[in-house]
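**Q** Sequence unavailable; structure follows:
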Ligand SMILES: Nc1nc2c(ncn2[C@@H]2O[C@H](COP(=O)(O)OP(=O)(O)OP(=O)(O)O)[C@@H](O)[C@H]2O)c(=O)[nH]1
Ligand SMILES: Nc1ncnc2c1ncn2[C@@H]1O[C@H](COP(=O)(O)OP(=O)(O)OP(=O)(O)O)[C@@H](O)[C@H]1O
């Protein structure tokens, strides 16, 4: 596939730069540093992602004390679905729930939705101005009025150059650019913690000052009010943290708003229509996409798909193929925050989530090129799956890696290159992540002392000649370790990978791997056949449509993450910010990224087959219909349906939770097909009788208890 190089370049290093920006937030983060002669992507991303302006004075201070440390978060976790419930849960359904709510959350205190659960009409049918009710005029009896208004005014004035000196620290609600639900703000049960969360988010990323984001925040607050996580944290915190993760990798307002609302469909009274009417189709579809992915993930977890390599691999592909890539991004952020706060769950569930994260979500992050998230997900999973190994290796790594080494070596090399007149595009470094070190030791049966790339530098120069000049400078600066030099430029790897590699000994007697390549070689190493995610996935051979799809997904993300894209383009000396010619996710016929056009007729389809509540991810030819699926009964398994039902039982297929009315309907990637044997009339009668008996027993019991 011909892929415009620059757009793809952006994605890759953009994520490297955000790796740096995000590193302040996570203690398990890969520590990376970079020096670039042109505007440093790292510094710029750090500035964009971590702008800590004191916009709400005391508020932001309160927040940073509590939310700045993720260690403090390690007590909370979102319970993912009904089966995860322990007996300690209380659950109070709202009359406004449009779909069966998932008992994911623990409801404490007044278990109402939006504080309006007792109202006769859904709160969101009122106009925004109607929300301004009585005490808006009087200004009385608003427990957190000043508090709330300060937060809001600060955020609205945030971009103003004279904000700091401005004496105006409140704003009238009339001035807000959209109607605010003041019933939420004024509710006697209102928790100031929500405003602290908003102010804290604003201090961490300026996107939280945008109208649409504030609006999404209030809707999320309304939806999740009264819901708590297992740790005791308000549920809203999870939504905010998910959105902050997205903001920090440069996601745009649509994605961040959908991140705030990502659990509303599954875990609150809110429905698609409400989100659609309030925010439009873009955000509503994304939230729905995340909900769909959550359901699939739950099915996969129940069926232990993570342990079945082929099915797990199909699942990655399916996730990318069936949903808007941005929904996958939100799901990944959701999972990352859940992993950060995994401690609150019982050990068995920690294991299950950690395994699924390692097998399904970390590879997805890798495919999308979000290396920071990938490493976090892996490290956190590793810590839960192998706590002792994690601890031992952490201790060993403290000896083998030096925080300052990569940064100082990078500076030293940068200076030497400049002195010798060798121009370069990027000079960056990284410390190998804990899990990556562990995997390499296991895979290659090595001790930690035999891992030479724990500290690494990468230099991207203009041409081959400069590669060799740079190599000789490296050799002059440090002692080269014998036998570690590899010239993949003269002898490219079988997949076309090209680069010069060497290992040198630094002053502190720690090895340092140096990779030197040109821009073109780097693109090949990030996006071509030699792409890093494929290299890391090892021998797995993917159909071409999967490769195209991953390329497309990565590119779309880089396009969605505007900040990063721009910075990265600049850091590679290119400002050609090409945008797609067609509207995501559909493509015009001539769109070079229209992978679906190419694979539409001959690419296989992966669908989820549910039988007897057991799930499998199966592959079918492109044109498979529901009736083909039914007819396959007996082909694969003697006397059975595609999986296990005997042919003499008529199956009642349901496609994506609805009965199939047209069996000639074609299956699509990611479809969920339920095959349930038809119950005989006698069985149905028995079921009805049993239900009647249960009902009567219930009546008798309730009359006994008055
Ligand atoms: N993207 C990409 N990177 C590669 C590929 N092969 C090697 N690399 C990079 O180069 C590094 C070192 O590779 P090699 O010099 O071949 O080293 P090795 O044979 O794996 O042995 P070690 O240095 O001990 O890991 C890896 O850690 C990767 O970062 C490839 O096919 N694609
Ligand atoms: N010497 C280096 N300098 C800078 N970045 C590097 C270097 N080596 C690898 N990277 C990048 O660091 C990220 C993490 O890579 P990781 O350490 O997990 O694997 P790897 O070193 O590339 O491969 P392997 O573990 O097989 O040696 C990837 O984006 C990779 O491209």
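**A** Cool, got the structure. These figures come from a predicted structure and were not determined experimentally. Ligands and ions are numbered 1, 2, ... in the order given.

**Q** C-alpha only now, for contacts and for neighbours.
**A** Fine.

**Q** quick one: residue 451 from residue 481, how far?
**A** 13 Å (CA to CA, to the nearest Å).

**Q** what's the overlap in contacts for those two?
**A** Contact criterion CA atoms under 8 Å, 6 or more residues apart in numbering; residues shared by residue 451 and residue 481: none found.

**Q** For burial, what's the neighbour tally of residue 385?
**A** Burial of residue 385, expressed as a neighbour count using other CA atoms under 10 Å, amounts to 19.

**Q** give the contact list for it.
**A** Residue 385 neighbours (CA under 8 Å, 6+ apart): 351, 354-355.

**Q** swap the cut-off to 6 Å and go again
**A** Taking CA atoms under 6 Å, 6 or more residues apart in numbering as the contact definition, residue 385 lies against residue 351.

**Q** per-residue pLDDT, it?
**A** According to the model's per-residue confidence, residue 385 sits at a pLDDT of 95.

**Q** just the strands in this protein please.
**A** Across the chain, reading from the start of the chain, the strands by DSSP state E fall at 32-35, 106-107, 227-228, 424-431, 455-461, 479-480, 486-487, 500-505, 511-518, 605-611, 614-620, 651-655, 658-659, 672-677.

**Q** weakest of these in terms of mean pLDDT?
**A** Ranked by mean pLDDT, these bottom out at strand 106-107, with a mean of 28.

**Q** Report the beta-bridge partners for the nearest residue in space to residue 463 that is not next to it in sequence.
**A** Distance criterion CA to CA, 6 or more residues apart in numbering; nearest residue to residue 463, sequence neighbours excluded, is residue 518 at 5.5 Å. Residue 518 forms beta bridges with residue 461, as assigned by DSSP bridges.

**Q** how about the helices in the stretch 301-450 of the chain?
**A** Listed in chain order, the helices found in the stretch 301-450 of the chain under DSSP state H, counting those that start in this stretch are 309-322, 325-340, 347-356, 362-367, 371-385, 387-400, 403-419, 434-444.

**Q** worst average pLDDT in these?
**A** Set side by side, those give their lowest mean pLDDT on helix 309-322, at a mean of 78.

**Q** contact partners of it?
**A** Residues external to helix 309-322 that are found in contact with it (CA under 6 Å, 6+ apart): 305-306, 617, 669-670.

**Q** ok, back up a step: now the strands of the chain as CSV including mean neighbour count and distance to ligand 2?
**A** Supplementary listing: the strands of the chain in CSV, determined by neighbours: other CA atoms under 10 Å; distance: least, CA to the nearest ligand atom, whole Å:
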stretch, mean neighbour count, distance to ligand 2
strand 32-35, 23, 8
strand 106-107, 24, 37
strand 227-228, 25, 36
strand 424-431, 23, 4
strand 455-461, 24, 3
strand 479-480, 17, 14
strand 486-487, 15, 13
strand 500-505, 22, 8
strand 511-518, 24, 5
strand 605-611, 23, 29
strand 614-620, 19, 28
strand 651-655, 19, 40
strand 658-659, 12, 43
strand 672-677, 21, 34
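
**Q** Just send these back as JSON lines, with distance to residue 274 too.
**A** Formatted as JSON lines, the entries for the strands of the chain read as follows, by distance: least, CA to CA, whole Å:
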{"stretch": "strand 32-35", "distance to residue 274": "43"}
{"stretch": "strand 106-107", "distance to residue 274": "22"}
{"stretch": "strand 227-228", "distance to residue 274": "20"}
{"stretch": "strand 424-431", "distance to residue 274": "45"}
{"stretch": "strand 455-461", "distance to residue 274": "49"}
{"stretch": "strand 479-480", "distance to residue 274": "63"}
{"stretch": "strand 486-487", "distance to residue 274": "59"}
{"stretch": "strand 500-505", "distance to residue 274": "55"}
{"stretch": "strand 511-518", "distance to residue 274": "51"}
{"stretch": "strand 605-611", "distance to residue 274": "29"}
{"stretch": "strand 614-620", "distance to residue 274": "32"}
{"stretch": "strand 651-655", "distance to residue 274": "25"}
{"stretch": "strand 658-659", "distance to residue 274": "22"}
{"stretch": "strand 672-677", "distance to residue 274": "25"}
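
**Q** Generate JSON lines for the ones you listed, with distance to ligand 1 as supplementary columns.
**A** Output for those, formatted as JSON lines (distance: least, CA to the nearest ligand atom, whole Å):
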{"stretch": "strand 32-35", "distance to ligand 1": "14"}
{"stretch": "strand 106-107", "distance to ligand 1": "44"}
{"stretch": "strand 227-228", "distance to ligand 1": "42"}
{"stretch": "strand 424-431", "distance to ligand 1": "11"}
{"stretch": "strand 455-461", "distance to ligand 1": "9"}
{"stretch": "strand 479-480", "distance to ligand 1": "14"}
{"stretch": "strand 486-487", "distance to ligand 1": "6"}
{"stretch": "strand 500-505", "distance to ligand 1": "6"}
{"stretch": "strand 511-518", "distance to ligand 1": "7"}
{"stretch": "strand 605-611", "distance to ligand 1": "28"}
{"stretch": "strand 614-620", "distance to ligand 1": "28"}
{"stretch": "strand 651-655", "distance to ligand 1": "40"}
{"stretch": "strand 658-659", "distance to ligand 1": "44"}
{"stretch": "strand 672-677", "distance to ligand 1": "35"}
